[in-house]
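Chemist: coordinates only, sequence not included:
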Ligand SMILES: NC(=O)C1=CN([C@@H]2O[C@H](COP(=O)(O)OP(=O)(O)OC[C@H]3O[C@@H](n4cnc5c(N)ncnc54)[C@H](O)[C@@H]3O)[C@@H](O)[C@H]2O)C=CC1
Ligand SMILES: C[N+](C)(C)CC(=O)CC(=O)[O-]
């Protein structure tokens, strides 16, 4: 798989800049950052820690080797050799103009420049630029490392090819780029959110509801619906068998009833701001912001997993991201393992704190995940990719034996050494050895894999390119002595003598 983006620069590393940095790095892209905030490194580090934790839980594919993060003392050196620059400084037009002018002066002429602005139009940001055609709005949603949508907005001054390149880059880092047809203040998402926000402020202002009650209304009702279908599809169903037509007939008149305050905005007095702040403290003050972020991330991951199982909405973005991670693992493996007379190192990862059990060691199912990922990396290496599977052929694991040999602790960098113990037309027998940085064996696994015709649900002979690749690696792998435990079952330990006598 070709990755066109090698290096990104992020200008501003706050809530959104930090999220972009994590998104790029965890998708294997190097990032240079400029943010004059004295604590920028700490803030970015904390966001990155939460993002690593979230990816460890969410992505069911071999982790992509992280990009390299560098902090710069000046903007010019951060953007100098970047292919893509993302501006995420505070929402002030004068500041954005100043930063964009500095970027334009120092960046490569072919570098693309995206702005995270929540509301400015690209034509406003392009004012005063020498080459406005390469600057566009790339508006994300918080947390950028988990939420896939990015609104790509251009102005008449934009170069279509640059916008198409930007969309390609966004896809490479797992985003869902939506090309907004016309520039408009606040794009699409924020116009919708603003309407709900305005009404919510009125409800608090008028003492109809507290912040907590409003959040409950959302999360126990339409918030659940919106994660999987939008407004129109949801209302189509709400129209019953006659669909949207009936829905509009029934609820169209309500648009003229006093159901909404429309464009009125309550005056944000100190009193209203204080009321909202106090209610919000009472609702969520027991959690730190980082804790709330982790709760939010875990909930989002659960939703993504459910949507992925249905191959629906944002779940499709997750599936595509995992496919890219598998492809990258395959590419890395092909580049890095020329010597088949030795075990193949095709999968490396780090033990996340989330992987530990109550004994403080890596929990059981994570061993199977690591070995499963190593098996997938091996299958990718011998040519089993999405295209091979789409043709109705795949490999299923039919037997596994894992031996736990050491206490694998958090943050251990582990790699898996894989050996083929044998194969025939339909089966592959694999052995994995999971080792830490010092080469200590933490666990081993032996698997029997069966090649299948997925439509028929039956074992079937392997096809090209698997057959050729196995023929290529077999002479070397055959020369590696099988470990003594290979093929051994769990030993019989019998029963205590007295118990046997009693029965
Ligand atoms: N917070 C949100 O929910 C969202 C914000 N956005 C947009 O993202 C942009 C950034 O917003 P946040 O991250 O929320 O703000 P923030 O206040 O959390 O972060 C802004 C960062 O920019 C840095 N900064 C200030 N001047 C700078 C300069 N001259 N050069 C480099 N860095 C500089 C600050 O030190 C700070 O770390 C805004 O345009 C905002 O509208 C977009 C989507 C969602
Ligand atoms: C509040 N906000 C306008 C900054 C929100 C956004 O821009 C998008 C989001 O993440 O909700």
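Modeler: On my side now, so go ahead. Predicted model, so just to flag it, every value in this text is computed and none were measured. Ligands and ions are numbered 1, 2, ... in the order given.
Chemist: where's residue 375, which helix or strand?
Modeler: Residue 375 belongs to helix 364-381 when assigned by DSSP states H and E.
Chemist: now the element after that helix, going C-ward?
Modeler: Past helix 364-381, the next helix or strand by DSSP H and E is helix 386-390.
Chemist: quick one: the strands in this protein?
Modeler: Assigned by DSSP state E, the chain shows strands spanning 7-11, 30-34, 69-72, 84-87, 112-115, 135-139, 149-153, 176-180, 344-350, 393-404, 413-423, 427-435, 441-453, 458-459.
Chemist: confidence score at the residue nearest the centre of the chain?
Modeler: The centre of the chain sits closest to residue 146, judged by Cα atoms, centre = their mean, with a distance of 5.2 Å. In this model, residue 146 is scored at 97, pLDDT.
Chemist: now do the contacts for it.
Modeler: 51, 54, 58, 297, 300, 301, 304 (Cβ atoms under 8 Å, 6 or more residues apart in numbering). C-beta: built from backbone N, CA, C; applies to glycine.
Chemist: can you redo the strands of the chain as JSON lines with mean pLDDT, distance to residue 222 and mean neighbour count?
Modeler: Formatted as JSON lines, these follow (pLDDT from 0 to 100; distance: least, Cβ to Cβ, whole Å; neighbours: other Cβ atoms under 10 Å):
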{"stretch": "strand 7-11", "mean pLDDT": "98", "distance to residue 222": "34", "mean neighbour count": "27"}
{"stretch": "strand 30-34", "mean pLDDT": "98", "distance to residue 222": "36", "mean neighbour count": "23"}
{"stretch": "strand 69-72", "mean pLDDT": "98", "distance to residue 222": "39", "mean neighbour count": "16"}
{"stretch": "strand 84-87", "mean pLDDT": "98", "distance to residue 222": "32", "mean neighbour count": "27"}
{"stretch": "strand 112-115", "mean pLDDT": "98", "distance to residue 222": "31", "mean neighbour count": "26"}
{"stretch": "strand 135-139", "mean pLDDT": "98", "distance to residue 222": "23", "mean neighbour count": "27"}
{"stretch": "strand 149-153", "mean pLDDT": "98", "distance to residue 222": "18", "mean neighbour count": "23"}
{"stretch": "strand 176-180", "mean pLDDT": "98", "distance to residue 222": "21", "mean neighbour count": "17"}
{"stretch": "strand 344-350", "mean pLDDT": "85", "distance to residue 222": "38", "mean neighbour count": "21"}
{"stretch": "strand 393-404", "mean pLDDT": "97", "distance to residue 222": "39", "mean neighbour count": "16"}
{"stretch": "strand 413-423", "mean pLDDT": "95", "distance to residue 222": "43", "mean neighbour count": "19"}
{"stretch": "strand 427-435", "mean pLDDT": "98", "distance to residue 222": "45", "mean neighbour count": "22"}
{"stretch": "strand 441-453", "mean pLDDT": "98", "distance to residue 222": "42", "mean neighbour count": "20"}
{"stretch": "strand 458-459", "mean pLDDT": "98", "distance to residue 222": "45", "mean neighbour count": "12"}
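Chemist: nearest to ligand 2, of those strands?
Modeler: Among those, strand 135-139 comes nearest to ligand 2, with 6.4 Å by Cβ to the nearest ligand atom.
Chemist: now the angle from that closest one to strand 176-180?
Modeler: 120 degrees (axes from the mean of the first three to the mean of the last three Cα atoms, to 10 degrees).
Chemist: pull up the pairing partners for strand 135-139, direction included.
Modeler: strand 112-115 (parallel), strand 149-153 (antiparallel) (DSSP bridges).
Chemist: quick check: bridge partners of the nearest residue in space to residue 81 that is not next to it in sequence?
Modeler: Nearest non-adjacent residue to residue 81, counting by Cβ to Cβ, 6 or more residues apart in numbering: residue 7, 6.2 Å away. Under DSSP bridges, the beta-bridge partners of residue 7 are residue 30.
Chemist: export the strands of the chain to a markdown table and tack on distance to residue 472?
Modeler: What follows is those, written out as a markdown table (distance: least, Cβ to Cβ, whole Å):
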| stretch | distance to residue 472 |
| --- | --- |
| strand 7-11 | 35 |
| strand 30-34 | 33 |
| strand 69-72 | 38 |
| strand 84-87 | 38 |
| strand 112-115 | 40 |
| strand 135-139 | 43 |
| strand 149-153 | 41 |
| strand 176-180 | 38 |
| strand 344-350 | 12 |
| strand 393-404 | 18 |
| strand 413-423 | 11 |
| strand 427-435 | 14 |
| strand 441-453 | 17 |
| strand 458-459 | 23 |
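Chemist: of all residues in the stretch 251-400 of the chain, which one is closest to ligand 1?
Modeler: residue 289 (11.3 Å).
Chemist: between the strands of the chain, which gets nearest to residue 359?
Modeler: strand 393-404 (11.3 Å; Cβ to Cβ).
Chemist: list the helices and strands the closest one packs on?
Modeler: helix 364-381, strand 441-453 (3 or more Cβ pairs under 8 Å, 6 or more residues apart in numbering; DSSP states H and E).
Chemist: 6 Å - rerun?
Modeler: Contact here means 3 or more Cβ pairs under 6 Å, 6 or more residues apart in numbering; DSSP states H and E; on that basis strand 393-404 packs against strand 441-453.
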